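Student: Requesting a structural model of the entry that follows:
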Amino acid sequence: MRSLLLVGGLGLLLASCSSNARLQGQPPPRLPLPAGIDVGFNHRTAGHYRSPIDGRWRQGDDLEAMLLSTIEEAHSEIAVAVQELSLPKVAAALARQHQRGVRVRLVLENTYSTPWSEQHPVDLVHHLRHRQAQLKALGWGDALLILRRAGVPMLDDTADGSAGSGLMHHKFLVVDGRVVMTGSANFTPSGIHGDPDDRRTRGNVNHLLRFESRELAAVFLAEFERLWGDGPGGQADSRFGIGKGGGAPQRVIVQGTPVQVLFAPHRRSDPDNGLIWLGQLLAQAQRRIDLALFVFSAQNLTNVLAQQHQNGVAMRVLADPGFANRSFSEVLDLLGVALPDRRCKIEAGNRQWAEPLAGVGIPQLAGGDKLHHKIAVIDGKRVISGSFNWSPSAAHQNDETLLVIDSPVLARHFTQEIDRLWSGAELGITAGLERRIERLRRTCGQGHATTIPADREEPEP
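Tutor: Here you go, the predicted model:
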């Protein structure tokens with residue numbers, strides 16, 4: 001698998017004289033990996049591949065190629081649980097395996113479980129209309145229609161007889177009960193390669209992990225079976241959301257590396273819920289905490305960071321530009337700022353830091369791209385990953401994966417990614433935030449405290 005991620009780099013050397021290969025500087029060398037674990041970052045400077053969007057060479061690991069290679073390895077079974085699948089090559093690979101006799105099953109979020117080509121734009125909300133227009137313009141075909149025509153069984157989070165969980169937000173596949181792939185990336189063009197209607201974009205900043213471990217695969221398959229029940233057309237015995245019943249973190253050893261997995265959601269009173277666990281992990285840090293987060297809206301975690309900051313633990317917090325300055329963002333607390341919402345209300349329970357954290361950064365991204373990681377590196381030896389945004393809805397409503405991997409070797413890869421994002425990031429209170437503060441001050445005055453709102457997360461990009 002590691003050789004797959006090196007192919008793009010070799011291709012770039014062979015094409016170094018091409019006008020399409022104008023990548024500046026010397027990329028950092030590839031780092032070693034733990035046995036049985038691989039990782040790809042779609043913006044990594046040490047990786048290069050030819051974009052299927054426009055055919056040009058670009059920096060990054062080809063996450064779609066990682067998925068395709070793993071799917072092609074299957075001999076008996078493929079189980080996929082992902083919020084959205086709109087990559088036709090991935091769909092075609094799953095369809096071929098189904099036709100060869102491999103048992104293929106797919107679980108989706110209900111918002112994305114209908115072929116886009118069968119939806120009328122008038123019936124769609126704005127972001128779904130935009131998604132449909134992008135996929136149509138790309139001309140790659142309709143991934144879900146490919147799967148349906150091949151007879152691949154699929155269901156979504158309404159299969160339990162409900163209107164769906166908060167979000168069926170998992171992003172994992174399991175092959176032959178021995179390989180697991182998971183991380184932050186949805187299986188979409190925008191989530192991996194870039195927006196079809198904007199060549200400047202390179203995809204939301206994402207990663208995928210690949211594990212070779214029958215024990216870990218069994219843990220993920222057990223979660224999948226809870227979602228699947230007896231499959232499409234059977235009893236309403238699928239279990240999504242709170243109906244799954246929570247559960248404690250599960251620990252396995254992947255060829256010498258300890259890996260812990262927690263599947264959300266949990267009730268707020270459940271001591272095993274993901275936000276409590278994350279707080280415990282952050283509290284164990286001795287030297288450094290590095291974060292790169294799409295959504296950060298959990299007050300309890302900000303409180304832990306405040307205590308750790310007082311303890312002298314060094315911190316870097318990278319936040320998605322689109323979410324960092326929302327009124328419910330905990331990034332504002334770190335910056336010592338309180339922003340009213342559109343109703344001129346300030347969230348009750350905020351605890352703005354009296355001394356703003358210097359280590360808060362907004363990375364430089366192409367317009368349209370999102371910092372979609374949900375990662376932390378603790379003391380250079382522990383990695384937190386998965387689909388789990390650091391928010392109450394991830395902990396208490398959504399179907400999510402939260403991973404903790406104890407490996408200094410793997411942590412170097414994630415630290416390198418955070419270093420890359422940190423380089424050139426805009427630190428502290430940005431000019432954009434200053435303008436927003438002033439605009440809201442003119443509109444709302446000082447604002448008024450209100451009750452803590454229900455956690456708000458927009459649909460995944």
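
Student: which residues touch the spatially most central residue of the chain?
Tutor: The C-alpha lying nearest the average C-alpha coordinate of the chain belongs to Ser184 (C-alpha atoms, centre = their mean; 2.3 Å). For Ser184, the residues meeting the contact criterion (C-beta atoms under 8 Å, 6 or more residues apart in numbering) are 171, 206-208, 294, 372-375, 385-387. For the C-beta atoms, the positions are set from N, CA and C on the backbone; glycine is no exception.

Student: Would you check how far apart it and Val254 are?
Tutor: With distances defined as C-beta to C-beta, to the nearest Å, the gap from Ser184 to Val254 amounts to 19 Å.

Student: swap in Gly445?
Tutor: Gly445 is 55 Å from Val254, by C-beta to C-beta.

Student: ok, those two, which is more surrounded?
Tutor: Val254 (20 against 10; other C-beta atoms under 10 Å).

Student: so Ser117 makes contact with Ala143?
Tutor: No. Taking contact to mean C-beta atoms under 8 Å, the distance of 10.0 Å between Ser117 and Ala143 leaves them out of contact.

Student: So which of these two has more stuff around it?
Tutor: Just comparing Ser117 and Ala143: by other C-beta under 10 Å the higher neighbour count belongs to Ala143, 25 against 12.

Student: What residues does that one make contact with?
Tutor: If you count contacts by C-beta under 8 Å, 6+ apart, Ala143 has them with 85-88, 90-91.

Student: I'd like to know which of those are buried.
Tutor: Burial of those was assessed by neighbour count (16 or more other C-beta atoms under 10 Å); the buried members are 85-88, 90-91.

Student: Would you reformat those residues as CSV and include pLDDT and secondary structure?
Tutor: Supplementary listing: the buried ones among the contacts of Ala143 in CSV, determined by pLDDT from 0 to 100; DSSP: H, G, I helix; E, B strand; the rest coil:
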residue, pLDDT, secondary structure
Leu85, 98, strand
Ser86, 98, coil
Leu87, 98, coil
Pro88, 98, helix
Val90, 98, helix
Ala91, 98, helix
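
Student: Would you verify that Ile405 is located in a helix?
Tutor: No. Read with DSSP: H, G, I helix; E, B strand; the rest coil, Ile405 is strand and lies in no helix.

Student: Tell me the pLDDT of it.
Tutor: The confidence metric pLDDT takes the value 99 at Ile405.

Student: can you count the residues close to the nearest residue to it once chain neighbours are set aside?
Tutor: Take Ile405 and drop its neighbours on the chain: the residue closest to it by C-beta to C-beta, 6 or more residues apart in numbering is Val383, 4.5 Å away. A count of nearby residues for Val383, using other C-beta under 10 Å, gives 24.

Student: shouldn't Val383 be in contact with Ala376?
Tutor: Yes. A contact is recorded between Val383 and Ala376 when judged using C-beta under 8 Å, the distance being 7.3 Å.

Student: so Ala248 sits right up against Asn273, yeah?
Tutor: No. Contact status for Ala248 versus Asn273: not in contact, 10.3 Å apart, counting by C-beta under 8 Å.

Student: Please identify which of those two sits among more neighbours.
Tutor: Asn273 (21 against 12).

Student: helix, strand or coil for Ile384?
Tutor: Following three-state DSSP, Ile384 is assigned to strand.

Student: Need the nearest residue in space to Tyr112, chain neighbours excluded.
Tutor: Glu84 (4.0 Å).

Student: Okay, helices next: where are they in the stretch 1-150 of the chain?
Tutor: In order along the chain, the stretch 1-150 of the chain carries the following helices (DSSP state H, counting those that start in this stretch): 2-14, 63-72, 88-99, 126-138, 143-150.

Student: any idea of the angle the second one forms with helix 88-99?
Tutor: Going back to what we said before, that points to helix 63-72. Computed by axes from the mean of the first three to the mean of the last three C-alpha atoms, to 10 degrees, the angle separating helix 63-72 from helix 88-99 equals 0 degrees.

Student: For helix 63-72, give me every contacting residue.
Tutor: So helix 63-72 is contacted by 1, 4-5, 7, 38, 40, 42, 49, 52, 78, 87, 89-90, 93-94, 97, 173, 175, 179, 181, 185, 187, 192-193, 206-208, 210 (C-beta under 8 Å, 6+ apart).
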